[in-house]
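Student: Have a look; sequence and predicted model below, questions after that.
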Amino acid sequence: MASVRQVQITFDCAEPERLARFWCEVLGYVVPPPPEGFATWDDYSGSLPPEERDSWFACVDPSGVGPRLFFQHVPEGKTAKNRVHLDVRVGTGLVGEERLAALEAECARLVPLGAVRVRLLYDGHDSCIVMQDIEGNEFCLD
């Protein structure tokens, strides 16, 4: 039986490059180099037929540890709650007010990037902040 060694997380979206660059900022990811033979992603995109331009974009963990994120253009907009979402783990190992402070600080960093704070889930000990990315996809600061 083969074992899975890597996963890629794929997002359906309206603007692949814009959403990929947002997640680069959130996660410290980077845009991989363009395909061989192209100096820039714009050069690569310009080489494609018009109907294929700007149809996808990706970002990767520069350390190679995290999954690749792939963003693909779809014509329809988001209509319901995500069935899968990312948890951005900024409070690992922290509890109570210390955890809450770490989550609030990360929330304050992401809102100017276009993220939207939805709600705080807090029971006095454990907490997370539910947010949305720039296309309305839910994620949690955990």
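Tutor: Yes, it's here.

Student: and residue 18, what pLDDT?
Tutor: With respect to pLDDT, residue 18 has a value of 96.

Student: scratch that, residue 2 is what I was asking about
Tutor: At residue 2, pLDDT is 66.

Student: for residue 84, same thing?
Tutor: If you check residue 84, the pLDDT there is 85.

Student: again, but for the one 3 residues further on
Tutor: The pLDDT attached to residue 87 in the predicted structure is 93.

Student: Pull up the gap between it and residue 26, please.
Tutor: Going from residue 87 to residue 26 by Cβ to Cβ, to the nearest Å gives 12 Å. For every residue, glycine as well, the C-beta is placed using N, CA and C.

Student: So if I had to pick from the two, which one is more boxed in?
Tutor: Between residue 87 and residue 26, counting by other Cβ atoms under 10 Å, residue 26 is the more crowded of the two (20 against 10).

Student: So which bits of stretch 66-79 are buried?
Tutor: Applying a neighbour-count criterion of 16 or more other Cβ atoms under 10 Å, one finds 68-71, 73, 78 buried in stretch 66-79.

Student: go on, stretch 14-29?
Tutor: Applying 16+ other Cβ under 10 Å to stretch 14-29 flags 14, 16-17, 19-24, 26-27, 29 as buried.

Student: Rank the helices and strands of the chain by mean pLDDT and give me the bottom one.
Tutor: Lowest on mean pLDDT, DSSP states H and E among the helices and strands of the chain sits helix 41-46, with a mean of 91.

Student: Could you check how far that helix is from the centre of its chain?
Tutor: Taking Cα atoms, centre = their mean, to the nearest Å, one finds helix 41-46 lying 22 Å from the centre of the chain it belongs to.

Student: buried stuff in that helix?
Tutor: Using 16+ other Cβ under 10 Å as the test for burial, helix 41-46 gives 41, 45.

Student: Touching that helix from outside, list them.
Tutor: With Cβ atoms under 8 Å, 6 or more residues apart in numbering as the test, helix 41-46 has contacts from 17, 31, 34-35, 38, 53-54, 57.
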